[in-house]
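# here is a sequence together with a model predicted from it:
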Amino acid sequence: HYRQAIQMQQTISGFEQDEEKHWVAKLSCGHKQHVRHDPPWQNRPWVITFEGRNEKLGTRLECKKCDMPRLPPKELLTLLNSSTKISTSSLPSELLAEEQLPNNIWHEISVLSGQIQLIFTATEISRQQGFLLDYGFSGIVPPQRPFQLKPNGPVELRILTYEEHR
């Protein structure tokens, strides 16, 4: 798998439903994460019942948002480019192969529809790590960190490119 060996584990503090009536875990870090029962992809029958959800309170769940790199404060960034809508067929080939941004350049990848994997490839100082990006979860690519994108079927996205001022 593409996950880093050590993940950011957070305690489940509660549950709520989104506008489509899917269950969402509220985590101690303040983030939220869907916990669907959608066999064979996600097998969580406990989420369907109050008792099942109640038993999971206080347990830990990997918070994908805590693992994602964060943009520097906005006052240190200048927006260089906002791409037009990019589809699976128009995804630049350099993003499908291993790519690395120059020093001081950041990408923010926002998915408009579908899903795409953001994979940070292994280096001497970091293990391979991957994130599944969708409409509610954007990806941040820091400077000089090797990465590639892998679509999970049809996808539409937009990429914002920033320059960091130090």
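Thanks, I have the structure now. Residues are numbered from 1 along each chain as shown.
# ends of stretch 123-137, what's the gap?
25 Å (Cα to Cα, to the nearest Å).
# in it, which residues are buried?
By 16 or more other Cβ atoms under 10 Å, the buried positions in stretch 123-137 come out as 129-131, 133-134, 137. (Glycine included, C-beta is placed from N, CA and C.)
# now stretch 143-161: buried residues?
Buried residues in stretch 143-161 (16+ other Cβ under 10 Å): 145-151, 155-157, 159-161.
# how many other residues sit next to Arg116?
Wrong residue type there; residue 116 is Ile, not Arg. Using other Cβ atoms under 10 Å, Ile116 is surrounded by 24 other residues.
# where along the protein do the strands fall?
Along the chain, the stretches classed as strands by DSSP state E are 9-17, 23-27, 32-34, 60-62, 77-82, 86-87, 105-120, 129-133, 139-141, 147-164.
# select, out of those strands, the one closest to Ala97.
Comparing the strands of the chain against Ala97 with Cβ to Cβ, the closest turns out to be strand 147-164 (6.1 Å).
# from Trp23, how far out is the residue located most distally from the centre of the chain?
Checked against the mean C-alpha position of the chain, the extreme residue using Cα atoms, centre = their mean is Glu51, at a distance of 29.5 Å. Look at Glu51 and Trp23: by Cβ to Cβ, to the nearest Å, they are 14 Å apart.
# again, but for Leu118
Leu118 is 25 Å from Trp23, where distance means Cβ to Cβ.
# who has more neighbours out of those two?
For Leu118 and Trp23, the more surrounded residue by other Cβ under 10 Å is Leu118, and the numbers stand at 25 against 19.
# what's the helix or strand bottoming out on mean pLDDT in the chain in contact with?
The helix or strand of the chain with the poorest confidence is helix 64-67; it has a mean of 76 (mean pLDDT, DSSP states H and E). With contacts defined as Cβ atoms under 8 Å, 6 or more residues apart in numbering, helix 64-67 is touched by 4, 7-8, 10, 29, 31, 33, 129, 131-132, 137.
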